[in-house]
Structure formats: C-alpha cells, structure tokens
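*Asks:* only the shape, not the letters, is given here:
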C-alpha cells in the first residue's frame, strides 16, 4: 500500500512538472490517466505491477 501511494505521488509530481514546464496540455494528461485506468483492468496489469515492485526493491536496495 505504501509503495502504491508513494508511486502515485511521484507520478503526480512528474505530471505536474510536465504540465508547468514542458507544456503538457490538460487533454494529454486526461488521455494518459484514462489509458492508465483502462490498462489497470487488462490481463497485463499484474505484470506491470510486479515490474514496478521489482524496480522499487532494486532502488530501495541501493546503498550510498
């Protein structure tokens, strides 16, 4: 749960920065959000979630 909430926050910040700095149009953001909702209901969604969790654990294991 913590991973998905922090992922949503990070992606929200990225979208906000694209909107402010790179000229992301609201229609593009809406289309991307709708694509994400539709993608979440497909058969590939568990694979995408597993990939995200794998990437998060990889990044979490990096020692500075």
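*Replies:* Sure thing, it's come through. Please read all numbers here as calculations on a predicted model, not as lab measurements.

*Asks:* okay, the residue positioned nearest the centre of the chain: pLDDT?
*Replies:* In the chain, the residue lying closest to the centroid (C-alpha atoms, centre = their mean) is residue 11, at 4.7 Å. Model confidence at residue 11, expressed as pLDDT, equals 76.

*Asks:* then residue 57?
*Replies:* pLDDT, read off for residue 57, is 88.

*Asks:* neighbours around it, how many?
*Replies:* Residue 57 has 10 neighbouring residues, counting by other C-beta atoms under 10 Å. In this view, the C-beta of every residue, glycine as well, is placed from N, C-alpha and C.

*Asks:* list of residues touching the one helix or strand residue 14 maps to?
*Replies:* Under the criterion of DSSP states H and E, residue 14 resides in helix 2-21. With contacts defined as C-beta atoms under 8 Å, 6 or more residues apart in numbering, helix 2-21 is touched by 24, 26, 29, 32, 52-53, 56.

*Asks:* which of these are buried?
*Replies:* Among the contacts of helix 2-21, those that count as buried by neighbour count (16 or more other C-beta atoms under 10 Å) are residue 24.

*Asks:* among the contacts of helix 2-21, which ones are in helices?
*Replies:* Among the contacts of helix 2-21, the members falling in helices are 26, 29, 32, 52-53, 56 (criterion: DSSP state H).

*Asks:* need those residues in TSV with distance to residue 64, can you?
*Replies:* Shown next, in TSV, are the ones in helices among the contacts of helix 2-21 (distance: C-beta to C-beta, whole Å):
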residue	distance to residue 64
26	38
29	33
32	32
52	22
53	22
56	17
